[in-house]
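Trainee: Here's my sequence, what's the structure:
(chains A and B)
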Amino acid sequence: MQPIKWLVDFIDVRLGVKDIYTKELSGYLLPRNVNVWYTLGAVLIVLFKIQIITGILLLMFYVPHADKAFASVQYIMNEVPYGWLFRMLHAVGANVIMIALVLHMLSVLFMGSYKGRREFTWLTGFTILNLSLGLCLTGYLLPWSQLSFWATTVATDAAGAIPVVGNYLVEFLRGGPTVDNQTLGRFFALHVVGMPLVLLGLIGAHLFCVKRRGISSPPFGKEYKAAQELPFFEHEKHPDGIPFFPNYFVKDAAVISFFIAFMLAIIFYAPGMFFPESAFQPADPFVTPPNIKPEWYFLWAYQTLKIFPSEIIGLGVQVAFMTFLALLPFIDRGPERRPAKRPLFVTCYVLGILLFVAISIWGHYS
Amino acid sequence: MSRAVIWLSLAVSLVLLSIPAASLAAESVCLQCHAGLSGDLSAPVADWQTSVHAANGISCHDCHGGDATDMAMAKSPDKGFLGAPEYEDVPEFCGRCHVGIFEAYSAGAHGQALAEGGAQCVICHGNHAVKEAGLDLINEEDCSRCHSYERAALIRLALVETDTMINAVEQDLDRLYRLGFAVDEMEGTLFNQRNVFHRTFHGVDVERVRRETADVQAELGKINEQVVEIDRTLGQRKLWGSVVIGLFILVGVIFLLVRKAYEEEGG
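Mentor: Here you go, the predicted structure:
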């Protein structure tokens, strides 16, 4: 113990780390009734770190060229020591991130945690969700499989429905009239540099907003507090709360462990869950495989485009829905956060989830 | 409201139904024209759609020649249109692609008896609804149309084990392919061995079938060894994976117990 104490003291007199520990960890108090849904932020941070680490490892062997990309992924899966594990962690991890992001957003909505001058927290979080969808879309093309090629063709084609600028936008996204090596190049650059940099900035901004405004109490039990909209800035404190470290940290660590176990269970017991047959065939622009479907988190958007007689109406509905969600804290301004006291909101919430699931299933089987 | 839903459903259904029809029509003018004719002239379209040829993208013009992109030149001899072959010409007609099988057939009892009305390709495989080659094609009902079933039964018996092996190896390779394993080389070997196997029994010589299927089985055995090796690797991965998953669950449970202890202490 003596050498450790010496080392801590050595660092502390130079950087004051004990003070940081007291202020940011053991002295950082959370509401006493904080529940398990509050762990999803920490889960997401760990999952994003796994994506960065496995992404760097994949980058060492992946070749972003239409003639070599598929073969390089085959090489990673079959020849590189533990390459299959890194690739599976990256691909399955992306899906688990989407699950955690959706759960995080749904829990924030249900508990009205976006209320009480937390518009910036919501907006940065919502942008992270959309940027993650963008990362999934750009990453989907990189293996240059039939699935990659045709899913990207369909996805970029949807932009063509926009009046006047649609065709220019499609060409801009693809780098040409069709999906080809140009598209792969720009999607690769966006996936490994552009979007991750913006994402890191947004995660930083989101955490800053959470920390600066103060964490909201769950709207349940005797400790419930209505959302306050004061005309001046106030940090929401919880003087009688529990320390983040170690008291709440152990709950974060438990849920993180369960999420990683869940991800590994898919990798080892159901590795084909997110890989249809066309994901193993090299891209062929001359052969359209039957039943090309987007990933589960894009199925609702895919089916919405098909439901309406014109793609522009479908696209308009999607834009209107996403805009409404983004601006929700500016629209829903009532101070009440308890679900039992918000019957209209809870009805819309439940119907919205059911509609999302139903349209996704419809999209899967259509 | 319900009327709007019905119209919307009808519109969506029409769009969905028109997709396969449109792609079919764009494929070949042969199909486009014959689909609109009646009786025997339209039957080949429906028959072909159920065939192994259709499943593998082999269309009318691949066998019958002609220009499948031009209605006017579709049946022009200048564009290589051959039309329907005579009975005795069928083996050579099919043999343009199935070279090895044509050779084995020609040297065998069926091929030697062709001039006297011996069985040719379409007698067993059908013409436009060409069936995938398999042991089901050797059966008492079909073979007895021309001769007794005894010899065919012996050949079938000699083929069963190899056929079962081929199917099992095919399923194994498909399973490994779906897990991301590079099985191209093994699939190439399987493709060759399946061709050898098919050639073998088109000669309808029992002794030759027994001799040559043994060689095919030896080659299939080599593929099987590689499959077993990959399965062993997969088993090890699953074992270690289970251990790691168990550890994460255990760590999670321990953290939850620690949290519970904090709660009991009031924190």
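
Trainee: who in chain B is up against chain A?
Mentor: B:8, B:11-12, B:15-16, B:177-182, B:237-238, B:241-242, B:244-245, B:248-249, B:251-253, B:255-256, B:258-259, B:262, B:267 (C-beta under 8 Å from any C-beta of the partner chain). From N, CA and C alone the C-beta is placed, and that goes for glycine too.

Trainee: Okay, and which of the residues you listed map to strands?
Mentor: Among those, no member falls in strands (criterion: DSSP state E).

Trainee: hmm, which of these are the buried ones?
Mentor: Buried by 16 or more other C-beta atoms under 10 Å in any protein chain shown: B:177-182, B:241, B:245, B:248-249, B:251-252, B:255-256, B:258-259, B:262, out of these.

Trainee: and whichever strand or helix holds A:Arg186, what does it pack onto?
Mentor: With the criterion set as DSSP states H and E, the secondary-structure element containing A:Arg186 is helix A:181-189. Contact here means 3 or more C-beta pairs under 8 Å, 6 or more residues apart in numbering or on different chains; DSSP states H and E; on that basis helix A:181-189 packs against helix A:119-141, helix A:146-157, helix A:166-174.

Trainee: quick one: buried residues of it?
Mentor: A:183-184, A:186-188.

Trainee: Mind picking the two most distant members of those residues?
Mentor: Longest distance between any two of the buried residues of helix A:181-189 is 9.4 Å, between A:Thr183 and A:Phe188; criterion C-beta to C-beta.

Trainee: what sits against B:Arg237?
Mentor: With contacts taken as C-beta atoms under 8 Å, 6 or more residues apart in numbering or on different chains, B:Arg237 has the following neighbours: A:Phe268.

Trainee: my bad, should have said A:His191
Mentor: Listed by C-beta under 8 Å, 6+ apart, the contact set of A:His191 reads A:135, A:138-139, A:142.

Trainee: any idea how far it lies from chain B?
Mentor: 20 Å (C-beta to the nearest C-beta, to the nearest Å).

Trainee: Let me see the mean pLDDT of stretch A:13-30.
Mentor: When pLDDT is averaged over stretch A:13-30, the result is 95.

Trainee: May I have that stretch as CSV, with CA atoms only?
Mentor: In CSV, the C-alpha atoms belonging to stretch A:13-30 read as follows (Å, rounded to 0.1, in the frame of the first residue of the first chain):
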residue,chain,number,x,y,z
VAL,A,13,0.8,17.7,-5.0
ARG,A,14,1.4,18.5,-8.7
LEU,A,15,-2.1,18.2,-10.1
GLY,A,16,-4.5,18.3,-7.2
VAL,A,17,-6.2,15.0,-8.2
LYS,A,18,-7.7,14.4,-4.7
ASP,A,19,-9.6,17.6,-5.1
ILE,A,20,-10.9,16.5,-8.5
TYR,A,21,-11.9,13.2,-7.0
THR,A,22,-13.8,14.9,-4.2
LYS,A,23,-15.6,17.4,-6.4
GLU,A,24,-16.4,15.2,-9.5
LEU,A,25,-16.8,11.7,-8.1
SER,A,26,-17.3,11.2,-4.4
GLY,A,27,-18.7,14.7,-3.9
TYR,A,28,-20.9,14.6,-7.0
LEU,A,29,-24.3,13.9,-5.6
LEU,A,30,-27.1,12.2,-7.5
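
Trainee: For it, which outside residues touch it?
Mentor: A:8, A:11-12, A:38, A:215, A:237-246, A:248-249.

Trainee: make it 7 Å
Mentor: Among residues not part of stretch A:13-30, those counted as contacts by C-beta atoms under 7 Å, 6 or more residues apart in numbering or on different chains are A:11-12, A:215, A:238-239, A:241-245, A:248.

Trainee: Pick the one among those closest to chain B.
Mentor: A:Ile242 (5.0 Å; C-beta to the nearest C-beta).

Trainee: Run a quick neighbour tally on that closest one.
Mentor: A:Ile242 is flanked by 19 other residues according to other C-beta atoms under 10 Å in any protein chain shown.
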